[in-house]
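Asker: sharing a sequence plus its predicted fold:
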Number of protein chains: 2
Amino acid sequence: MSHTDSLTPLSRVRLAVDCMGGDHGPSVTLPACQSFLAAHPQAELVLVGTPEGLAPALGWPRCIHVHASEVVSMDDPVEVALRRKKDSSMRVAISQLKAQGEVPAAADACVSAGNTGALMALARYLLKTLDGIDRPAIASVIPNDRGEFTTMLDLGANVDCTAEHLLQFAVMGSALVSAVDGKTEPSVGLLNIGAEAIKGSDVIKQAADLLRAAADDGHLNVYGNVEGNDIFKGTVDIVVCDGFVGNVALKTTEGLASMLAHFIKEEFTRTWWTKLAALVALPVLKRFRARVDPRSFNGAALLGLRGLVFKSHGSADAFAFERALVRAYDAARNRLLDRVRDRIIETLEAMPSAADNASGAPVAA
Amino acid sequence: MSHTDSLTPLSRVRLAVDCMGGDHGPSVTLPACQSFLAAHPQAELVLVGTPEGLAPALGWPRCIHVHASEVVSMDDPVEVALRRKKDSSMRVAISQLKAQGEVPAAADACVSAGNTGALMALARYLLKTLDGIDRPAIASVIPNDRGEFTTMLDLGANVDCTAEHLLQFAVMGSALVSAVDGKTEPSVGLLNIGAEAIKGSDVIKQAADLLRAAADDGHLNVYGNVEGNDIFKGTVDIVVCDGFVGNVALKTTEGLASMLAHFIKEEFTRTWWTKLAALVALPVLKRFRARVDPRSFNGAALLGLRGLVFKSHGSADAFAFERALVRAYDAARNRLLDRVRDRIIETLEAMPSAADNASGAPVAA
């Protein structure tokens, strides 16, 4: 397997930032950018926003300002983002990507905290998908019991997936993990259920076959089926599933985490004695919270496009938004786009597709 | 809505217990039965197992012993349970149900901690599904942020569901919650994803239409779409989804809970100082743990069959197995089977099915 040999990291990385996106806009994105720049001397930023929005960032070093007159709101329908607000900060930020041809501020990746549907639709419309990829997917990381991270995709871009789509997700996820986490052959698990009677739908069974074939050819490190609890166990580096299942799993864990936090708080504030116990336990509880703080792993990748787009949680604060910037920076610096392209050529184009099999197989009689 | 008017609780409830099932067999199930009997003077048990397995329970009051010579193991394939082990404790326990006609020990419900696939297959084969129900479903409860429980189904019996199946789950779930939790009109939510671009698959959209129609007719209390985090928020009493999604969501939360428990333990045992903090915080942490102890809500219902079957977690201890007995007892006492039948007649048979609509609608021209 040779896909990482010639991929030397970029020496300079330029990120385009939609400074108006998210619940809080520039009041969160600009402080995050400032802190990010201080920590990353090889980074440059293209700040995209309204002149008023960007005013606090006037004169910042290693920053280019690009103005946009409109903002896609968190509840704007996709149609509005695509067809009406043609000068939105989100759209202008995506347009800065090198993939867009000769643009003055040619950026290596783009980051927005704007609404997911609009971002995916605009990115897909402006950038198009890579050859060999039918549908882009959303990938994010989740902390696991081994003290590492599990990358999961798709998290909501595609509700109905074919087996081929799931294979493409595995390929893109492998490229992402090798770029961002530095693992050359990350392991891939196919999310399935373990009940005795019924082990997955037909699509899942077909996807398992495709993954096995790719693994046999030496193109993917495939573990096999995993179940929901394996996500947090850290059984594999990458968990592949359709967007409906992935989105439900992710939001369910958010719901559980928030309920547990609420219960812990209630128990520790019940009486003067439990409040005292809370005081004693505070440093421990804080360390615990830091380990599972969702802000630390903010920043989902939109994979499969001819350009790198990262999505921050809409409610991110400056700390969380900076994490999304760092993820985009790491991905761009380690040439995620080239890695995805390489893996597609190696894995997908080397494999006879289901259609080829059907038509090209020699017929006996 | 009249479905609960004439359903007076049973004065005596008899449960058939597969004493050999689960990871631990009689060493767990018998102590659970003993404790359950002490707490429920109106209950009788049919203890099913091998003579040796049941020996410790000889002479117990309000108990009938029924012998079985075989045991379905936790990893026996469905075929073995169905075709080979015809005198298994699981099979004999299900056969005690009243629905089976004239059996000497005629029980109102059956409880087993044996393997899910085998239990579902045997129950389906022996009991058959109710009129109006295509597929049985597995329903369980999950604690929520409101201090109540959210009932979720299906949790893994059906991987590919049609909109009609999801409607049937809603009907059965409503009957379960009204029987066990005493809510006359529990609210139903359809599990969906919230991304802007794509709000669910075609099946989900059709199911939403069917649920809305049932709600408009006054037969179901339908809230509408819910997302993964709503399960723990307690937005609705019942969350309906296909078995693949439900199983993944459930196992994912198990994985998260287990990781968090591990992290908390690690943080509190890091140094002598954190161990001291743990000692001080112990009563608070214990109260917290009790609130989210999965053992307290053990006991999933297999719904849609002509008989009540409850499934305990295979790894249940005596405390957890007793909870499953209590859930089965409450369901039988409050005549869950009659409630499901009533609701099916009211809701499903009152509604024109999709097929009827297609063929029976007046044609204009």
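Answerer: Perfect, I can see it now.

Asker: quick one: the helices in the stretch 1-150 of chain A?
Answerer: Remark: helices assigned in the stretch 1-150 of chain A by DSSP state H, counting those that start in this stretch are A:26-39, A:51-54, A:78-79, A:89-95, A:116-127.

Asker: and stretch A:151-166, which residues are buried?
Answerer: A:151-159, A:161-166 (16 or more other C-beta atoms under 10 Å in any protein chain shown). All C-beta atoms are positioned from the backbone trio N, CA, C, and that covers glycine.

Asker: so does stretch A:155-174 get close to chain B?
Answerer: Yes - judged by C-beta under 8 Å from any C-beta of the partner chain, stretch A:155-174 comes into contact with chain B through A:156-160.

Asker: that stretch - what's its average pLDDT?
Answerer: This predicted structure assigns stretch A:155-174 an average pLDDT of 91.

Asker: end-to-end on it?
Answerer: 16 Å (C-alpha to C-alpha, to the nearest Å).

Asker: centre of the chain to that stretch, how far?
Answerer: 13 Å (C-alpha atoms, centre = their mean, to the nearest Å).

Asker: which stretches in chain A count as strands?
Answerer: Under the criterion DSSP state E, chain A contains strands at A:13-18, A:43-49, A:63-67, A:109-112, A:137-143, A:149-153, A:187-191, A:221-226, A:238-240, A:300-303, A:308-311.

Asker: in TSV, list those along with distance to chain B.
Answerer: Listed next are those as TSV, based on distance: least, C-beta to the nearest C-beta, whole Å:
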stretch	distance to chain B
strand A:13-18	16
strand A:43-49	21
strand A:63-67	25
strand A:109-112	13
strand A:137-143	8
strand A:149-153	10
strand A:187-191	6
strand A:221-226	10
strand A:238-240	10
strand A:300-303	11
strand A:308-311	11
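
Asker: picking up where we left off before, now for the buried residues of stretch A:151-166: which two are most distant?
Answerer: A:Thr151 and A:Thr162 (21.1 Å; C-beta to C-beta).

Asker: give me the buried positions along the biggest helix by length in chain A.
Answerer: Longest among the helix segments of chain A by residue count, using DSSP state H, is helix A:243-268. Within helix A:243-268, the residues that qualify as buried are A:243-257, A:259-260, A:263-264, A:267-268, counting by 16+ other C-beta under 10 Å.

Asker: what mean pLDDT would you report for that helix?
Answerer: pLDDT averaged over helix A:243-268 gives 90.

Asker: what angle do that helix and strand A:149-153 make?
Answerer: Relative orientation of helix A:243-268 versus strand A:149-153 (axes from the mean of the first three to the mean of the last three C-alpha atoms, to 10 degrees): 140 degrees.

Asker: for A:Thr347, give its distance to A:Ala207.
Answerer: 14 Å (C-beta to C-beta, to the nearest Å).

Asker: need the residues touching each of those two.
Answerer: A:Leu167 (C-beta atoms under 8 Å, 6 or more residues apart in numbering or on different chains).

Asker: in the stretch 251-365 of chain A, where is pLDDT below threshold?
Answerer: A:350-365 (pLDDT under 70).

Asker: which residues of it lie near chain B?
Answerer: A:251-260, A:262-264, A:267-268, A:270, A:274, A:276-278, A:280-281, A:283-285, A:287-288, A:291-292.

Asker: my read is that A:Thr253 contacts B:Thr252, right?
Answerer: Yes - the pair A:Thr253 and B:Thr252 qualifies as a contact (C-beta atoms under 8 Å) at a distance of 5.9 Å.

Asker: residues that sit against both of those two, list them.
Answerer: With C-beta under 8 Å, 6+ apart as the test, A:Thr253 and B:Thr252 both reach A:Phe232.

Asker: of the helices of the stretch 1-150 of chain A, flag the one that's most buried.
Answerer: Highest mean neighbour count among the helices of the stretch 1-150 of chain A (mean count of other C-beta atoms under 10 Å in any protein chain shown): helix A:89-95, with a mean of 27.

Asker: what residues does the stretch 1-150 of chain A put near chain B?
Answerer: Counting by C-beta under 8 Å from any C-beta, the residues of the stretch 1-150 of chain A near chain B are A:75, A:77-78, A:115-118, A:120-121, A:143-145.

Asker: mind redoing it with 10 Å?
Answerer: Contact residues (C-beta under 10 Å from any C-beta of the partner chain) of the stretch 1-150 of chain A with chain B: A:74-78, A:81, A:115-121, A:124, A:138, A:142-147, A:150.

Asker: A:Val188 touches A:Ala208, doesn't it?
Answerer: No - using C-beta atoms under 10 Å, A:Val188 is not in contact with A:Ala208; the gap is 11.0 Å.

Asker: the two - which one has more neighbours?
Answerer: Between A:Val188 and A:Ala208, counted using other C-beta atoms under 10 Å in any protein chain shown, the more crowded position is A:Val188 (27 against 20).

Asker: residues in contact with that one?
Answerer: A:151, A:167, A:169-171, A:173-174, A:177, A:211, A:214-215, A:220-224, A:226, A:236-240 (C-beta atoms under 10 Å, 6 or more residues apart in numbering or on different chains).

Asker: check A:Arg135 too.
Answerer: A:124, A:129, A:154, A:157-158, A:161-162, A:164-165, A:168-169, A:243, A:303-304.

Asker: swap the cut-off to 8 Å and go again
Answerer: A:129, A:157-158, A:161, A:165, A:168, A:304.

Asker: any idea of the pLDDT on the closest residue to chain B within the stretch 1-150 of chain A?
Answerer: Proximity of the stretch 1-150 of chain A to chain B (C-beta to the nearest C-beta) peaks at A:Gly117, 2.4 Å away. Note for A:Gly117: predicted pLDDT of 88.

Asker: and the nearest residue to A:Arg12 once chain neighbours are set aside, how many neighbours does it have?
Answerer: Computed as C-beta to C-beta, 6 or more residues apart in numbering or on different chains, the closest residue to A:Arg12 that is not its neighbour in sequence is A:Gln42, at 5.5 Å. Neighbour count of A:Gln42, defined by other C-beta under 10 Å: 13.

Asker: does A:Gln42 touch A:Pro9 like I think?
Answerer: No - counting by C-beta under 8 Å, A:Gln42 stays clear of A:Pro9, with 9.6 Å between them.

Asker: show me the common contact partners of those two, please.
Answerer: A:Arg333.

Asker: A:Ala107 against A:Leu15, yeah?
Answerer: Yes - counting by C-beta under 8 Å, A:Ala107 does reach A:Leu15; the two are 6.0 Å apart.

Asker: overlap in contacts of these two?
Answerer: Counting by C-beta under 8 Å, 6+ apart, the residues touching both A:Ala107 and A:Leu15 are A:Val46.

Asker: quick one: contacts for the nearest residue to A:His262 once chain neighbours are set aside?
Answerer: Leaving aside its chain neighbours, A:His262 sits nearest to B:Asp145 (5.8 Å; criterion: C-beta to C-beta, 6+ apart). Going by C-beta under 8 Å, 6+ apart, B:Asp145 touches A:258-259, A:262, B:232-234.

Asker: same thing but at 6 Å, please
Answerer: A:259, A:262, B:232-234 (C-beta atoms under 6 Å, 6 or more residues apart in numbering or on different chains).

Asker: ok, which pair from those is furthest apart?
Answerer: Applying C-beta to C-beta across the contacts of B:Asp145, the maximum distance is between A:His262 and B:Gly234, 11.2 Å.

Asker: okay, how far is it across stretch A:63-79, tip to tip?
Answerer: 31 Å.

Asker: go on, stretch A:142-157?
Answerer: With C-alpha to C-alpha as the measure, stretch A:142-157 spans 18 Å from end to end.

Asker: over to stretch A:85-92?
Answerer: 10 Å.

Asker: state the mean pLDDT of that stretch.
Answerer: Here the average pLDDT along stretch A:85-92 is 95.

Asker: other residues contacting it?
Answerer: Outside stretch A:85-92, the residues touching it (C-beta under 6 Å, 6+ apart) are A:18, A:20-21, A:48-49, A:68-72, A:112, A:114, A:122.

Asker: likewise stretch A:259-269?
Answerer: Defining contact as C-beta under 6 Å, 6+ apart, one finds that stretch A:259-269 is touched by A:274, A:278, B:145, B:232, B:284, B:287-288, B:291.
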